[in-house]
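In: give me coordinates for this.
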Amino acid sequence: MRHDPSPALRLPGSTPPPEGRRGRGATANPASRFEPARREAFDDGWEPEAPAPLRTEVRPERSSSIIARNTSPDIPFDRSINPYRGCEHGCIYCYARPTHAYLGLSPGLDFESRLFTKPDAARLLRRELAAPGYRPETIALGTATDPYQPIEREQRLTRAVLEVLDEARHPVGVTTKSDLILRDLELLARMASRNLSLVAISLPTLDPTLSRRLDPRAPRPEKRLAAMRALSEAGVPVMVNVSPIIPGLTDHEIESVLEAARAHGASRIGHALLRLPGEVKDLVADWFAAHYPERKERAFALLRQSRGGQENDSRFGHRFRGEGPYAEMVSQRVRLAGRRLGFAFGRMALNCEDFRAPGAQLSLF
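Out: Numbers count the residues shown, from 1 in each chain. Model prediction:
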């Protein structure tokens, strides 16, 4: 476990100065929406000490199950696994940020610096796959937080989950921003040879400066492209996720991102318009004010145009794509560029026929 040497910076509702949050995505640490009290910083006239850098704290979490189920018609899977809560990549736009409020923590800086691991993930998965009546369908790995965020180097929980899935010949789709996935290239390639694996690499921008501000601890765009190439050359199907598309900030890059991804071996496309659920709306607004104040008004105006006059629309069928002229233009540009470049569209069917429950004996006949 890593301990934070500067607890004063960790109070939800307080905002550390820039030098205390260098390398982080959020510019604030707002209190959880469930907290009855709010805090405000004030100047007491004393000269403040230079704040220590915000450290990452990692704690284990005990779970009774590991496969999460959903019935959403908007996503192409009905089950998922997330070995971690919180994500050190610090993507300011992450729609999973509000979940930290359920832990009594802030969706801001806490989300990217107070992390939780699920050390029993592989054991729980083995048990759930071996349960009587289990029927295999593709498991999505990393749908809320990145399974290859920096702490995976030490924790190796994602690796352990993949090893169980490989043993069971169970299909998996991995979503990540990190080239750390190449550590498991041999394993993913072996699964791909049986049509059991697909990898989606998220790439909202090719601009390294913008990327550093949007997702400060995720690998640079060129490293993500290199990961696409290595995966593709090893026989692993690769999808590029042009997500999120941020109005007035990254939308001009749609075609160039797709062209670069195709040149590096990506064969499928995913895309989504920026979503602002819960506290994400205010966090993104603060981020714009800090980094691109001149673009903030236009970005939010186009989002409201695409979300029925609101900054966010949680309705099924609308939350990822939006509606109206701007949203339709974005979708049309993705479709046209995708067809021109030879991308495949729609869900890729993985192999569910060769599944064998972990620990099951193979028949001799």
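In: list the contacts of stretch 328-346.
Out: 242, 245, 251, 254-255, 258-259, 262, 266-269, 271, 273, 321-322 (CB atoms under 8 Å, 6 or more residues apart in numbering). Backbone N, C-alpha and C define where each C-beta goes, glycine included.
In: most neighbours of all these, which one?
Out: The most crowded member of the contacts of stretch 328-346, judged by other CB atoms under 10 Å, is Ala266 (28 neighbours).
In: of the contacts of stretch 328-346, closest to Val161?
Out: Arg268 (22.5 Å; CB to CB).
In: so who does the closest one touch?
Out: Taking CB under 8 Å, 6+ apart, one finds 198, 200, 237-240, 343-345, 348 in contact with Arg268.
In: give me the buried subset of those.
Out: 198, 200, 237-240, 343 (16 or more other CB atoms under 10 Å).
In: just to revisit the earlier point, mind checking which of the contacts of stretch 328-346 land in helices?
Out: 254-255, 258-259, 262 (DSSP state H).
In: redo these as CSV? Include distance to Ser113 and pLDDT.
Out: Shown next, in CSV, are the ones in helices among the contacts of stretch 328-346 (distance: CB to CB, whole Å; pLDDT from 0 to 100):
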residue, distance to Ser113, pLDDT
Ile254, 32, 98
Glu255, 36, 98
Leu258, 33, 98
Glu259, 35, 98
Arg262, 36, 98
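In: quick one, helices of the stretch 101-250 of the chain?
Out: Remark: helices assigned in the stretch 101-250 of the chain by DSSP state H, counting those that start in this stretch are 109-113, 121-129, 152-155, 157-168, 185-192, 208-214, 221-233.
In: any idea which of the ones you listed is most buried?
Out: Mean neighbour count (mean count of other CB atoms under 10 Å) peaks for helix 109-113 among these, with a mean of 28.
In: grab the longest helix from the protein for me.
Out: helix 325-341.
In: which parts of that one are buried?
Out: Buried residues in helix 325-341, counted by 16+ other CB under 10 Å: 326-327, 330-331, 333-334, 337-338, 341.
In: in the stretch 51-200 of the chain, where is pLDDT below threshold?
Out: 51-52 (pLDDT under 70).
In: please, where are all the strands along it?
Out: Ranges of strands in the stretch 51-200 of the chain, per DSSP state E, counting those that start in this stretch, are 57-60, 68-69, 79-81, 84-85, 114-117, 139-141, 172-176, 197-202.
In: which one's the longest strand in the protein?
Out: In the chain, with assignment by DSSP state E, the single longest strand is strand 238-245.
In: who's in contact with Cys91?
Out: So Cys91 contacts 25, 177, 214-215, 218 (CB under 8 Å, 6+ apart).
In: filter the residues you listed down to the buried ones.
Out: 25, 177, 214-215, 218.
In: now distance to Pro98 too, for these, in a markdown table please.
Out: Formatted as a markdown table, the buried ones among the contacts of Cys91 follow (distance: CB to CB, whole Å):
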| residue | distance to Pro98 |
| --- | --- |
| Gly25 | 15 |
| Lys177 | 20 |
| Leu214 | 18 |
| Asp215 | 18 |
| Ala218 | 20 |
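In: and of those, the nearest to Ser63?
Out: Closest to Ser63, out of all of the buried ones among the contacts of Cys91 and judged by CB to CB, is Lys177, at 24.1 Å.
In: surely that closest one touches Ser202?
Out: Yes - when contacts are counted by CB atoms under 8 Å, Lys177 is listed as touching Ser202 (4.9 Å).
In: overlap in contacts, the two.
Out: Arg224.
In: mind listing what the nearest residue to Ala261 once chain neighbours are set aside touches?
Out: Leaving aside its sequence neighbours, Ala261 sits nearest to Val240 (CB to CB, 6 or more residues apart in numbering; 3.7 Å). Contact analysis of Val240 by CB under 8 Å, 6+ apart lists 200-201, 203, 228, 257-258, 261-262, 266, 268-270.
In: repeat that for Gly322.
Out: If you count contacts by CB under 8 Å, 6+ apart, then Gly322 has 273, 303, 306-307, 313, 330 around it.
In: how about a cut-off of 10 Å?
Out: Residues near Gly322 by CB atoms under 10 Å, 6 or more residues apart in numbering: 245, 247, 272-275, 302-303, 305-308, 313, 328, 330-331.
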